[in-house]
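Student: coordinates for the following, if possible.
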Amino acid sequence: MNPVLIVLAFIAATVGTLLLGLLSKWIDRKVTAWVQWRKGPPWYQPFADALKLLGKETIVPESARMTGFLFSPLLGFAAVSVAATILWVTNFNPESGFVGDTIVVFYLLTIPSLALILGGSASGNPLAAVGAAREMKLIIAYELPLLIAVLAAIFGSSQSFQLGSLITDTSGILPTIGCVLGFIIVLFCIQAKLGLVPFDIAEAGCEIASGPYIEYSGAALAILYLTKAMLLAVMPIFAITVFWGGFSFSSLPVAASSLGKYVLILVVLILVRNTNPRLRIDHALRFFWYVLTPLALLALVFSIQY
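Tutor: Now for the predicted structure:
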């Protein structure tokens with residue numbers, strides 16, 4: 001592929017996903033307001049919040065390790081941008097993927113959480129260290145069922161680790177029991193990866209004052225905010241690409257159907273966030289290891305038999 005086209009695709013995917021993520025955050029806040037019988041903010045509020053943070057001073061604590069503290073937000077943002085580029089390019093042209101791109105995207109989507117752990121640990125704040133430790137335990141908990149569920153989708157359809165094959169072989173439907181069960185498991189794992197209730201244990205504002213985010217301010221906090229917004233867009237896109245036939249814009253009805261898939265997943269995540277209490281870290285570990293992991297293995301067995 002032409003290097004110029006790669007750069008243009010990267011810029012377009014990053015900007016597009018960023019806009020979609022900020023709009024998704026507005027939908028999140030609007031639906032949350034409706035659930036709580038409030039009016040909610042205007043559509044431009046997430047954009048205004050990001051711009052305001054970008055204009056603030058970035059303060060680095062004296063006890064922080066500056067390199068790790070400031071590099072971590074950039075690392076997470078870059079990883080999400082590359083993952084978004086691969087997903088969008090593959091959805092627009094399923095034949096443009098490469099061998100193992102599903103594994104690459106899965107790996108890239110783990111980096112923002114690792115970057116958050118690195119940044120919280122480098123801040124020198126004990127509450128940030130507690131949040132980083134909780135984030136580390138959450139990663140260990142949800143990554144296993146998430147991986148097995150993705151494998152269930154692969155073995156239940158194309159048996160290929162290329163995103164393009166998953167898109168063309170699923171044909172826009174959830175074809176097997178294993179894939180349906182895997183899709184449900186992935187939704188719970190997305191909830192944890194995004195740090196949404198009931199899995200916002202690493203932030204826990206009323207307990208550890210936002211955990212790894214506590215010492216961040218200004219542009220560094222803005223990058224973390226934008227990274228989380230992009231993840232809110234990228235994770236549903238990843239689930240739709242792997243399990244639900246991907247996105248297509250070949251006609252207006254098809255484009256509306258693709259948008260409907262995204263909005264449906266987003267609303268489900270928001271409703272779960274607004275109707276459940278925060279779990280303790282040990283309860284979350286038990287849920288992912290003793291409930292979701294056996295179910296993910298069952299989904300994999302169904303998919304292999306299919």
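Student: where in this structure is pLDDT low?
Tutor: Along the chain, the parts satisfying pLDDT under 70 run over 1, 158, 170-175, 305-306.
Student: could you point out the longest helix of it?
Tutor: The helix that spans the most residues within the chain, counting by DSSP state H, is helix 3-35.
Student: how many neighbours does S165 have?
Tutor: Neighbours of S165 under the rule other C-beta atoms under 10 Å: 20. The way it works is simple: take the backbone N, C-alpha and C, and place the C-beta from them, glycine included.
Student: and the gap between it and S250?
Tutor: S165 sits 19 Å away from S250, going by C-beta to C-beta, to the nearest Å.
Student: tell me where this protein has helices.
Tutor: 3-35, 45-54, 66-92, 101-108, 111-122, 126-156, 163-170, 177-193, 205-208, 218-243, 252-274, 281-286, 293-305.
Student: closest one to F199 among the ones you listed?
Tutor: Proximity to F199 (C-beta to C-beta) singles out helix 177-193 among the helices of the chain, at 3.9 Å.
Student: packing partners for the closest one?
Tutor: Counting contacts by 3 or more C-beta pairs under 8 Å, 6 or more residues apart in numbering; DSSP states H and E, helix 177-193 packs against helix 126-156, helix 218-243, helix 252-274, helix 293-305.
Student: how about a cut-off of 6 Å?
Tutor: In this structure, helix 177-193 makes packing contacts with helix 126-156, helix 218-243, helix 293-305, judged by 3 or more C-beta pairs under 6 Å, 6 or more residues apart in numbering; DSSP states H and E.
Student: show me which residues of the shortest one are buried.
Tutor: Within helix 293-305, the residues scored as buried using 16 or more other C-beta atoms under 10 Å are T293, L295, A296, L297, L298, A299, L300, F302, S303.
Student: would CSV of those residues with distance to A256 be doable?
Tutor: Formatted as CSV, the buried residues of helix 293-305 follow (distance: C-beta to C-beta, whole Å):
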residue, distance to A256
T293, 36
L295, 32
A296, 32
L297, 36
L298, 34
A299, 29
L300, 33
F302, 31
S303, 30
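Student: got the helices of the chain as CSV, with distance to V60 columns?
Tutor: Listed next are the helices of the chain as CSV, based on distance: least, C-beta to C-beta, whole Å:
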stretch, distance to V60
helix 3-35, 25
helix 45-54, 16
helix 66-92, 6
helix 101-108, 27
helix 111-122, 10
helix 126-156, 13
helix 163-170, 39
helix 177-193, 27
helix 205-208, 20
helix 218-243, 8
helix 252-274, 32
helix 281-286, 29
helix 293-305, 40
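Student: and the closest residue to K137 other than its chain neighbours, what does it touch?
Tutor: Spatially, and ignoring its direct neighbours in sequence, K137 is nearest to I281 (5.7 Å; C-beta to C-beta, 6 or more residues apart in numbering). Taking C-beta atoms under 6 Å, 6 or more residues apart in numbering, we find I281 in contact with R134, K137, I201.
Student: ok, the first one - how many residues close by?
Tutor: This points to R134. Count around R134 with other C-beta under 10 Å applied: 24.
Student: so what's it up against?
Tutor: I201, A202, I281.
Student: ok, of the residues you listed, which one's closest to L226?
Tutor: A202 (18.5 Å).
Student: list just the nearest of the buried residues of helix 293-305 to V99.
Tutor: S303 (20.6 Å).
Student: hmm, the closest one is touching G156, no?
Tutor: Yes: using C-beta atoms under 6 Å, S303 is in contact with G156, at 3.5 Å.
Student: what sits in contact with each of those two?
Tutor: Residues touching both S303 and G156 (C-beta under 6 Å, 6+ apart) are G178.
Student: find the nearest non-adjacent residue to A296, please.
Tutor: Among residues not flanking A296 along the chain, I148 sits closest, at 3.8 Å (C-beta to C-beta, 6+ apart).
Student: how far away is that neighbour from S113?
Tutor: 18 Å.
Student: pretty sure F10 is touching T85, no?
Tutor: Yes: the pair F10 / T85 is scored as a contact, 4.9 Å apart, by C-beta under 6 Å.
Student: those two: which has the busier surroundings?
Tutor: Shown here are F10 and T85; by other C-beta under 10 Å, T85 has more neighbours (21 against 17).
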